[in-house]
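Asker: Need coordinates for the following:
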Amino acid sequence: MQMPKSGLRVSVLILVFCCMFLGCRSVYYSTWEKLGKYKRDLLKENVQEARDDQKKATEQFKDALTRLKEMYGFEGGNLEKTYSKLKSDFDRCQERAAAVKGRIQKVEQISSDLFKEWSDEIRSMTNEKLKSSSEEKLRETRSKYETLHAAMKKAEASMEPVLAQFHDQVLYLKHNLNAQAIGSLKGESVNIENEIQRLIRDMDASIIEADSFVKGLP
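Answerer: Numbering: from 1, shown residues only. Predicted structure coming up:
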């Protein structure tokens with residue numbers, strides 16, 4: 001029995017993703033090429049997806065900040081419910097942060113492979129005029145990528161202190177489910193709020209760089 005086209009495509013996608021994660025990158029790229037996508041296309045798509053993951057992470061951290069502010073203003077009620085909501089926000093922030101980190105790693109790998117292939121192909125060219133033009137385009141693209149990469153890594157790094165402080169506050173509240181614990185956490189509120197605001201600024205800057213890079217990618 002012939003497999004439906006939709007099922008075949010799903011199977012192919014599963015194969016290419018498995019190959020990527022297992023390190024079989026040559027199979028990964030050749031499979032995509034058969035589907036009409038090359039390294040440049042894959043880099044563009046993954047930069048766009050990294051941008052989208054960063055947008056989702058930004059919104060999640062904003063929600064977490066709102067929840068923290070609500071907790072700091074706690075004046076009575078069910079502390080266990082407050083803790084449960086805060087813990088859920090922390091878990092979602094961790095998931096979003098992991099998604100951003102994983103996507104950046106894919107961007108790094110594909111860009112490295114693309115630039116290596118580009119350089120190798122330039123060396124095989126014999127027309128000096130065309131070769132020089134390709135070299136210039138490679139330098140421009142690599143320079144733009146380095147700017148993007150720096151912005152992405154800065155945004156990624158900004159998540160770590162937020163998650164660390166958030167983790168501590170969630171555990172402290174878990175260990176001390178009383179109004180006094182909330183009072184103690186209020187003293188730490190400025191630090192984590194500042195870190196989250198810094199994270200949001202870094203994420204926004206990275207998102208802008210991603211849009212710029214995608215628009216300029218040949």
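Asker: could you give the mean pLDDT of the longest helix along the chain?
Answerer: The longest helix of the chain (DSSP state H) is helix 128-175. Across helix 128-175, pLDDT averages out at 94.
Asker: and stretch 52-72, which residues are buried?
Answerer: The neighbour-count check on stretch 52-72 (16 or more other C-beta atoms under 10 Å) flags Asp53, Gln54, Lys55, Ala57, Thr58, Gln60, Phe61, Ala64, Leu65, Arg67, Leu68, Met71 as buried. Any C-beta I mention is one placed from the backbone N, CA and C, and that applies to glycine too.
Asker: And the helix or strand where the fourth one lies, what does it pack against?
Answerer: Under the assignment given by DSSP states H and E, the secondary-structure element containing Ala57 is helix 39-72. Using 3 or more C-beta pairs under 8 Å, 6 or more residues apart in numbering; DSSP states H and E as the contact criterion, the secondary-structure elements in contact with helix 39-72 are helix 25-34, helix 79-123, helix 128-175, helix 179-186, helix 189-216.
Asker: and the angle from the fourth one to helix 189-216?
Answerer: It refers to helix 179-186. 50 degrees (axes from the mean of the first three to the mean of the last three C-alpha atoms, to 10 degrees).
Asker: contacting residues around helix 179-186?
Answerer: Met71, Tyr72, Phe74, Gly76, Leu79, Gln169, Tyr172, Leu173, His175, Asn176 (C-beta atoms under 8 Å, 6 or more residues apart in numbering).
Asker: If you rank every helix and strand of the chain by mean pLDDT, what lands last?
Answerer: helix 5-22 (a mean of 52; mean pLDDT, DSSP states H and E).
Asker: Am I right that Ser189 is in contact with Tyr72?
Answerer: Yes. Between Ser189 and Tyr72 there is a contact at 5.1 Å, judged by C-beta atoms under 8 Å.
Asker: Give me the distance between the closest residue to His149 other than its chain neighbours and Gly102.
Answerer: The shortest distance from His149 to any non-neighbouring residue, by C-beta to C-beta, 6 or more residues apart in numbering, is to Glu108 (7.2 Å). With distances taken as C-beta to C-beta, to the nearest Å, Glu108 is found 11 Å from Gly102.
Asker: Burial check on Ser175, number of neighbours?
Answerer: Check again: residue 175 is His, not Ser. Using other C-beta atoms under 10 Å, His175 is surrounded by 8 other residues.
Asker: which residue sits closest to it in space, ignoring its chain neighbours?
Answerer: The nearest residue in space to His175 (C-beta to C-beta, 6+ apart) is Ala181, at 7.8 Å.
Asker: and that neighbour, how many neighbours?
Answerer: 18.
Asker: From Leu173, how far off is it?
Answerer: Ala181 is 6 Å from Leu173, by C-beta to C-beta.
Asker: intersection of neighbour lists for the two?
Answerer: Counting by C-beta under 8 Å, 6+ apart, the residues touching both Ala181 and Leu173 are Leu79.
Asker: Checking Gly36 next. Helix, strand or coil?
Answerer: Under DSSP: H, G, I helix; E, B strand; the rest coil, Gly36 falls in the coil class.
Asker: So for it, what's the pLDDT?
Answerer: pLDDT, Gly36: 90.
Asker: Ramachandran angles for it?
Answerer: When quoted as degrees, to the nearest 10, the phi and psi of Gly36 stand at phi 90, psi 20.
Asker: Much appreciated, bye for now.
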